[in-house]
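S.K.: based on what follows, work out the 3D shape:
(one chain, ligands or ions: 1)
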Amino acid sequence: LRICIDKARCIGVGMCEAVAPEVFAVQPDGNLELLSDSPGADQRAAVEEAISVCPTGAISVQDG
Ligand code: SF4
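M.R.: Residues are numbered from 1 along each chain as shown. Here you go, the predicted structure:
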């Protein structure tokens, strides 16, 4: 998995962090930090969940 964040869309509400805290971390200033931009298969379900809960559609993934 490779994760891309569209920073122009991300509004830093942290829904992704709530469902996938090992991958996403919203900083105090509201910027989203990717803890891992290529998480293992064990994180796939959490990342898919994050995509579905992100209110702005800022998260996308590619296989590989
Ligand atoms: S849920 Fe979406 S908008 Fe919110 S911090 Fe995560 S990527 Fe950004």
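S.K.: buried stuff in stretch 25-40?
M.R.: Within stretch 25-40, the residues that count as buried by 16 or more other Cβ atoms under 10 Å are 26, 32, 39. Where C-beta positions appear, they are placed from N, C-alpha and C, glycine not excepted.
S.K.: ugh, wrong one, I meant stretch 10-19
M.R.: 10, 12, 14, 15, 16, 17, 19.
S.K.: okay, the residues you listed in TSV with pLDDT, distance to the ligand and secondary structure next?
M.R.: Formatted as TSV, the buried residues of stretch 10-19 follow (pLDDT from 0 to 100; distance: Cβ to the nearest ligand atom, whole Å; DSSP: H, G, I helix; E, B strand; the rest coil):
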residue	pLDDT	distance to the ligand	secondary structure
10	97	3	coil
12	95	5	coil
14	96	5	coil
15	97	4	helix
16	97	3	helix
17	98	7	helix
19	98	9	helix
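S.K.: near the ligand, which residues of the chain are found?
M.R.: By the rule Cβ under 6 Å from any ligand atom, the part of the chain lying against the ligand is 5, 10-16, 24, 26, 32, 54, 56, 58-59.
S.K.: again, only using 8 Å
M.R.: 5, 9-17, 24, 26, 32, 50, 53-59 (Cβ under 8 Å from any ligand atom).
S.K.: all helices of the chain, in order?
M.R.: Listed in chain order, the helices found in the chain under DSSP state H are 15-19, 44-53.
S.K.: give the contact list for the nearest residue to residue 59 once chain neighbours are set aside.
M.R.: Leaving aside its sequence neighbours, residue 59 sits nearest to residue 51 (Cβ to Cβ, 6 or more residues apart in numbering; 4.9 Å). Taking Cβ atoms under 8 Å, 6 or more residues apart in numbering, we find residue 51 in contact with 59, 60, 61.
S.K.: understood, closing this out.
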